[in-house]
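Model the following, please.
(chains A and B)
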Amino acid sequence: MTTPSKPVRVRYAPSPTGDFHVGGARTALFNYLFARHHGGQFILRIEDTDQKRYNPQALTWLLDGLRYLELEWDEGPDIGGDFGPYTQTERLELYQKYCHQLIDEGHAYRCFCTPERLAQVRQERQKQGLSGYDRHCRNLSAQESAARADAGESFTVRLKMPLEGDITVTDAIRGDITFQFANLQDAVIMKSDGIPTYHLAVVVDDHHMQISHVIRGDEWVNSLPLHVYLYRALGWEPPVFAHMSLILNPTGKGKMSKREGRAPDGRVLPVFVRTFQELGYLPDALVNYMATVGWSFDDKTEIMTRRELIERFSLERVNTSPSTWNYDKLNHFNGLYIRNLAPDELADRLLPYLHAAGINADRDTIRRIAPAIQERLTVLTDAAEWVDFFFVDELPEFDLNLLVPKKMALADVPPILRAARNILAQAEFTHDALDAALRQGAKAAGLKPGQMFQPIRIAVCGKKVAPPLFNTLEVLGRQTTLKRLDSALARLEK
RNA sequence: GCCCCCGUCGUCUAGAGGACUAGGACACAGCCCUUUCAAGGCUGCGACACGGGUUCGAAUCCCGUCGGGGGCACCA
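Numbers count the residues shown, from 1 in each chain, chains lettered A, B, ... in the order given. Okay, the predicted model is just below:
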């Protein structure tokens, strides 16, 4: 894309009503990438004009989520900026001012209809295949309107939309979109409590904050004519609009759920950024994956660093069709990113998750075992079950039958274990030495390597699926290893 | 019901009239490697929604049908 002539200023403007959803995160990401690509500003604005649905935790979830994803913003409610305040309820006077201006200039009118009447009208019109308001108050005289307002009658303010003709808006992603005014409503722009609706607030703020590009979800296309008309009525130049298609639910129908379901296998299907974090998705992996949902660079590149994403992002290559969230692919990305971590960094990242899982892990042990489990991890929380046995005094009781190698019987196990014990009592506890000694021992005992390794693994780890044996033994150390072998032998002798 | 958007493998996508025998990735299957589990390598399976046009030629342009999504609040 050619660099826009005006300075690029984009915003992510969520409403603090609930948890921070990946759909929103993706919108934030695309705005962020666009801003960084053009060397512009990424602004955070809180659209809290809905007092009823306000959720005090939402802002924390949002800010924490953006920080976790490392989508740093240049201006926002917490850090301020030259165009603040960045919370809409702190800007009410501004909206009032323009609302009055619109009424005075005949672009908007007071509507005294009660919610009851509106509900009734809506119902009646629905039967006729029409929707919305019947414009009952549209032609009240200025005098009557003012008088009733002065008398204290409750009212909302509606935009006086043209009754005929059409309006064409150019969307940077979709191209031209045309709407017939005849199909549009006289939308409420100011509620009876003096708080504007989204439509007025968004236009006023985007203009005052000098937003150059509005990149938002597809659910807003239908209010495009309303917004553009508002810009006209206010005498302002509208920003460039770009509507990105939504993310669809992997299970079932419709846009991606606001609730976290479960896969048929019982696995959690996260939809909140917080949950992705809790499960141990790496921010870079999530960001990379999210960028590929609805955007592509070329026909084969999908693994990209943040820097590359920024370099390569463009609105032109944003897809117009909705796409389904693919957990398998995200997991694949995450595994890839985990495998690319340096062992030290992996250890650092793993530690808090292990502690959260109740494992009394120390940095040094984790650092030593990290390379062995690295390629086995899909998400960071997977590590717990790979390493828990390193950090217990006594192994939880396991099924003794697990000790039995393929095509052998329980009675065959004690001699194998005793042979292993003899070897391990003397062997040097390093990966290669253990490898050599145990292989040789197996051969001497007339066993295949696996037939010797399996019982040792079970005796020492208490489970069938575990990190590679020699790494495990090396980290565990001779003392613990022998102790666990003895303990298994003791149980077998009972 | 009305309005808007969209329609390439199961999924994410490449493709902007001839370069398409339609490319890549995930998933799936098989094989190789292998001390469990992974990871990795190789191979395979698999799509232009349908019907009409336009054109010498259409996945690409137009129309219709069907399908999917979104919207029609004093919510955003």
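
So for A:Asp348, what's the nearest residue that isn't a sequence neighbour?
Leaving aside its chain neighbours, A:Asp348 sits nearest to A:Arg363 (7.8 Å; criterion: C-beta to C-beta, 6 or more residues apart in numbering). Just so you know, the C-beta spots here come from the backbone N, C-alpha and C atoms, and that holds for glycine as well.

can you give me the helices in the stretch 351-494 of chain A?
A:363-374, A:383-387, A:413-426, A:431-444, A:449-461, A:469-476, A:478-493 (DSSP state H, counting those that start in this stretch).

Pull out the buried positions in the fifth one.
Buried residues in helix A:449-461, counting neighbours by 16 or more other C-beta atoms under 10 Å, are found at A:Gln451, A:Met452, A:Phe453, A:Gln454, A:Pro455, A:Ile456, A:Arg457, A:Ile458, A:Ala459, A:Val460, A:Cys461.

ok so, going back, A:Lys407 is nearest to which of the helices of the stretch 351-494 of chain A?
helix A:449-461 (8.5 Å; C-beta to C-beta).

what about that closest one, near RNA strand B?
Yes - Helix A:449-461 lies within reach of RNA strand B by C-beta under 7 Å from any atom of the strand, at A:Pro449, A:Gly450, A:Phe453, A:Gln454, A:Arg457.

what's the answer for stretch A:269-282, then?
No - using C-beta under 7 Å from any atom of the strand, stretch A:269-282 stays clear of RNA strand B, coming no nearer than 13.4 Å.

How far does that stretch stretch from one end to the other?
Length of stretch A:269-282, first residue to last, C-alpha to C-alpha, to the nearest Å: 16 Å.

Quickly name whichever of the buried residues of helix A:449-461 is closest to RNA strand B.
Of all the buried residues of helix A:449-461, RNA strand B sits closest to A:Phe453, with 4.1 Å by C-beta to the nearest atom of the strand.

In contact with that closest one, which residues?
By C-beta atoms under 8 Å, 6 or more residues apart in numbering, the contact list for A:Phe453 reads A:Leu438, A:Ala442, A:Leu469.

Enumerate the residues of the stretch 101-250 of chain A near RNA strand B.
Residues of the stretch 101-250 of chain A lying near RNA strand B by C-beta under 7 Å from any atom of the strand: A:113-115, A:118, A:122, A:126, A:129, A:131-133, A:154, A:156, A:174-175, A:177-180, A:183, A:185, A:188, A:191-193, A:195, A:197-198, A:218-223, A:245-246, A:248.

Make a PyMOL selection of the buried ones in these.
Selecting only the buried entries of these in PyMOL, with 16+ other C-beta under 10 Å as the criterion:
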select buried, chain A and resi 113+118+133+156+174+177+179+188+191+192+195+197+198+218+220+221+223+245+246+248
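
The residues of the stretch 101-250 of chain A next to RNA strand B in helices, which ones?
A:Pro115, A:Leu118, A:Arg122, A:Gln126, A:Tyr198 (DSSP state H).

Of all those, the one with the weakest confidence?
Within these, the minimum per-residue pLDDT falls on A:Gln126 (80).

hang on, isn't the residue nearest to A:Asp348 packed against A:Asp344?
No - in this structure, A:Arg363 is not within contact of A:Asp344 by C-beta atoms under 8 Å, at 9.5 Å.
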